[in-house]
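Visitor: Provided below are the primary sequence and the corresponding predicted coordinates.
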Amino acid sequence: MSQTRVTLRQSLALVWRTLRSMRTALILLLLLASASVVGSLVPQWPNSPERVLRYQLDHPLVGALYDRLGLFDVFGSWWFVLITVLLFVSLVACLVPRTRAAFRALRQRPVQAREIDAFRLYEERVVPADPSSVIDGSRHVLRKRLFRVARDGEGRTALAAEKGMLREVGSLLFHWAFLLIVIGVIYGKGTGFTGKAVVVEGKTWVDAQANYDGEIRTGRFFDGNFSGVGIHLRGFEDTYRRTGQPMDFVSHVDLLDPQGSLVKQADIRVNHPASIDGLDIYQYGFGWAPVVEVRQDGELIASEPITFVQDTAPPGVPQLAMPWHGVLKLTSLDPQVGITFELWPDSRAFLQLQQTGQPIPMVQAFQPFMRFSVYRGDLADPSPLSLETAGLRRGARGIVGGGQTVDLKTGRPVAGDSAGSLTMSFPELRQYSVLQVSRDRGVPLVLLAAILVLLGLLPALYTSRRKVWVRAEADGSGTVLKVGGFALQRKSQFDGEFAKLVDAMARATEKPAGEGRSEDPP
C-alpha cells in the first residue's frame, strides 16, 4: 500500500492554519503570561545581578539548570522572543480575515431569507392595509430601532433587517488594541532605559550614562543616545507625623535643556513625576549629604557634598533611627588618605541612645555631627561608598560638629588652619534626592490601546446581533404580516423584544398614510 507523501507546501499550510486558530493565540498568550510570572519570581540579570549570583551560590544545581534554560533572563531569552513573535503573528493572522469579513458585512445590504417561518421566532398578523403600506410602516419601525433595512421581493413587499454589527466591530477593536499594547510594550521597553540619579541640593545632574548611580537598565534596542537635559535640585522637603511616619517627600527642581537654559520648574513627589524631552522623573529616595572641606597648609584640596547611605535597621528599630555612613578619599595626597564617617543628623537621638538605649527617629537636622576615622595607605577600592581598610594604617579618630574644623592628624578641633597641618571642616549639611529617570516611548501607544480596549468593550456590553425578516402578502381586503427573526446573542431577551417589535409593526399601519415613510434608496 502506497503512503501519501506530505509536501513542504502542505506542511507550511498546516502550520499557517494552526497559527490562524484563536485557540493557538490563547495558548501562546497563556505561555507568555506564565513566562512573565517566572520572570517576576526568579531574580533576573538585568534587574538584580547580585541576587542572581547569590541564588547560584545558594543553589548550585538548580542555579545551573535555570541558567541553561534562560530563566535568569526570561525577557531576553530566545524562547520568550519566539513566543512573543508567534503570538504577534497568530493575532495578525486571526484578525486580518475577521476584519476583512466585517468590512464586507458592513458594505453589504441585509440578505433576504427563503423561508422565514422556519425560524424559532415567527409570528403572523392580519392588518387592514395594503402590502405596500404595511412594508412602509414596518420599515419605519425597524429603522427607528436602529436596524439596517433592505427592501426586496416582488412588488418590494419584503424586508430584511439586522443590527448589532457594532458588537463585531467592538470585538475587532478590542483585539487590535491588545495587539497595539504588545507593540507599545516591545517598542517602549526595547528602546528605553531606567536608571537612578542622585542629585544634591544646589547641584545639577545631566542625563548622560556616566552620571547614573549604579547600573542603568537599557532595552535590547536602545540606541545609546541620552537627552542631555539637566535637573537642578533647588531644595528637598520631607514631612513626618509625630510617630515618625513619613507624610510627603518633594524635590523642587529646575528642568534644563541640553544648553543649560531653564525649561520649567517642577515639584516631584511620589506618584507625581515630572516629564521633559521624553523622560519621566520619579521621586525614589533621599538622604543626607554633608559638605566636607579639607585643607592642607591652608590650601583647599577637597570641597564637596558627600552622599551618605544608611544600613538596614535591625528588627524593632525604626529605619530613621539609624546613623548615616559615608567615605571621602584623598587620592592626591602621599600617602593617600581615606576617611570614614558616621553622621548623626539629630544629636538629640544620639544622646537619647546613649542615656536610655532607646533609638528614636531622626526626622530633621538638629546640631548634626559626624564621627570619623582616618586611614592612610594605598586606596585600591574604587567604590565611592565604601573603603576597604585591610592593609591601611589607621590614624586619628574624632568628632566634627556642624561649623567646626578638626586636625586630621590628631582628630582634635582647631581654631583655624595652621601651617603644615591637614584639617577638615563640616560647614554645611545638605540633603540629596534619588530620582528614577525612565524613558519609555511606548507609553502613548499603550495609553491609546487602553482607551481602544474600553471602547471595544462597550459594544459587547450593550449590543447584540439581531436579524429580522418581514413579508407582506395580500389577503382579501387586508394583508398578512409575516415576521421571523433570531438573535445571535442574548436570545432569551430577544423573545420579548421580538413580540414588541411585531406589535409595533402592526400598529404602524394604523397611522395616517405617508407618516414616517420614505422611499428606499435605489
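Guide: Nice, I can see it.

Visitor: quick one, strands of the stretch 1-150 of the chain?
Guide: 121-127, 148-152 (DSSP state E, counting those that start in this stretch).

Visitor: and for Val127, the neighbour number?
Guide: Applying other CB atoms under 10 Å, we find 22 other residues in the vicinity of Val127. Every residue, glycine included, has its C-beta placed from N, CA and C.

Visitor: that one contacts Ser138, doesn't it?
Guide: No - between Val127 and Ser138 there is no contact under CB atoms under 8 Å: 9.9 Å.

Visitor: who touches both of the two?
Guide: Residues touching both Val127 and Ser138 (CB atoms under 8 Å, 6 or more residues apart in numbering): Leu481.

Visitor: quick one: low-confidence parts of the stretch 151-300 of the chain?
Guide: Flagging of the stretch 151-300 of the chain using pLDDT under 70 yields the residue ranges 153-155.

Visitor: show me where it has strands.
Guide: According to DSSP E, counting those that start in this stretch, the strands that the stretch 151-300 of the chain contains are 158-163, 193-200, 204-206, 213-218, 230-240, 246-256, 262-269, 274-276, 279-296, 299-305.

Visitor: now for the last one, which elements pack on it?
Guide: With contacts taken as 3 or more CB pairs under 8 Å, 6 or more residues apart in numbering; DSSP states H and E, strand 299-305 sits against strand 279-296, strand 324-330, strand 422-439.

Visitor: for the third one, same thing?
Guide: Using 3+ CB pairs under 8 Å, 6+ apart as the contact criterion, the neighbours of strand 204-206 among helices and strands are strand 193-200, strand 230-240.

Visitor: can I get these in a markdown table including distance to Ser34 and mean neighbour count?
Guide: Formatted as a markdown table, the helices and strands packed on strand 204-206 follow (distance: least, CB to CB, whole Å; neighbours: other CB atoms under 10 Å):
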| stretch | distance to Ser34 | mean neighbour count |
| --- | --- | --- |
| strand 193-200 | 25 | 20 |
| strand 230-240 | 40 | 18 |
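
Visitor: turn these into a markdown table, including distance to Ala25.
Guide: As requested, the helices and strands packed on strand 204-206 are exported to a markdown table (distance: least, CB to CB, whole Å):
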| stretch | distance to Ala25 |
| --- | --- |
| strand 193-200 | 30 |
| strand 230-240 | 44 |
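
Visitor: Phe369 is nearest to which of those?
Guide: Closest to Phe369 of those is strand 193-200 (CB to CB; 19.6 Å).

Visitor: paired strands for the closest one, with orientation please.
Guide: Here strand 193-200 is paired, per DSSP bridges, with strand 213-218 (antiparallel), strand 422-439 (antiparallel).

Visitor: tabulate those (JSON lines), appending distance to Gln355 and mean neighbour count.
Guide: Below are the strands paired with strand 193-200 laid out as JSON lines (distance: least, CB to CB, whole Å; neighbours: other CB under 10 Å):
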{"stretch": "strand 213-218", "distance to Gln355": "37", "mean neighbour count": "15"}
{"stretch": "strand 422-439", "distance to Gln355": "23", "mean neighbour count": "20"}
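
Visitor: compare those strands and say which comes out lowest on pLDDT.
Guide: Of all these, the minimum mean pLDDT falls on strand 213-218 (a mean of 82).

Visitor: my guess is Ala506 meets Ala129, correct?
Guide: No - between Ala506 and Ala129 there is no contact under CB under 8 Å: 9.6 Å.

Visitor: out of the helices and strands packed on strand 204-206, nearest to Ile276?
Guide: Evaluated over the helices and strands packed on strand 204-206, closeness to Ile276 peaks at strand 230-240, with 8.5 Å, by CB to CB.

Visitor: tell me the angle the closest one makes with strand 193-200.
Guide: With axes from the mean of the first three to the mean of the last three CA atoms, to 10 degrees applied, the angle from strand 230-240 to strand 193-200 works out at 70 degrees.

Visitor: for Ala472, find the nearest of the strands paired with strand 193-200.
Guide: With distances scored as CB to CB, the stretch of the strands paired with strand 193-200 nearest to Ala472 is strand 422-439 (66.4 Å).

Visitor: the closest one vs strand 262-269, what angle?
Guide: Calculated by the same axes, to 10 degrees, strand 422-439 forms an angle of 90 degrees with strand 262-269.

Visitor: do a quick rundown of the helices in this protein.
Guide: Ranges of helices within the chain are 8-19, 22-41, 49-58, 60-69, 78-107, 131-144, 165-191, 347-356, 443-462, 491-508, based on DSSP state H.

Visitor: follow-up on the earlier one: looking at the helices and strands packed on strand 299-305, which is nearest to Leu19?
Guide: With respect to Leu19, and counting by CB to CB, the nearest of these is strand 422-439 at 33.6 Å.

Visitor: can you show me the CA trace of the closest one as PDB?
Guide: In PDB, the C-alpha atoms belonging to strand 422-439 read as follows (Å, rounded to 0.1, in the frame of the first residue of the first chain):
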ATOM      1  CA  LEU A 422      45.800  68.700  57.300                       C
ATOM      2  CA  THR A 423      42.500  70.000  58.500                       C
ATOM      3  CA  MET A 424      38.800  69.100  57.800                       C
ATOM      4  CA  SER A 425      35.700  71.200  58.400                       C
ATOM      5  CA  PHE A 426      32.000  70.500  58.300                       C
ATOM      6  CA  PRO A 427      30.400  73.800  57.100                       C
ATOM      7  CA  GLU A 428      27.000  72.600  56.000                       C
ATOM      8  CA  LEU A 429      24.600  69.700  56.000                       C
ATOM      9  CA  ARG A 430      22.500  69.300  52.800                       C
ATOM     10  CA  GLN A 431      20.100  66.700  51.600                       C
ATOM     11  CA  TYR A 432      20.100  64.800  48.300                       C
ATOM     12  CA  SER A 433      17.300  63.300  46.300                       C
ATOM     13  CA  VAL A 434      17.300  60.000  44.500                       C
ATOM     14  CA  LEU A 435      15.300  60.200  41.300                       C
ATOM     15  CA  GLN A 436      14.300  57.400  39.000                       C
ATOM     16  CA  VAL A 437      14.700  58.600  35.400                       C
ATOM     17  CA  SER A 438      13.000  56.500  32.700                       C
ATOM     18  CA  ARG A 439      12.400  56.800  29.000                       C
END
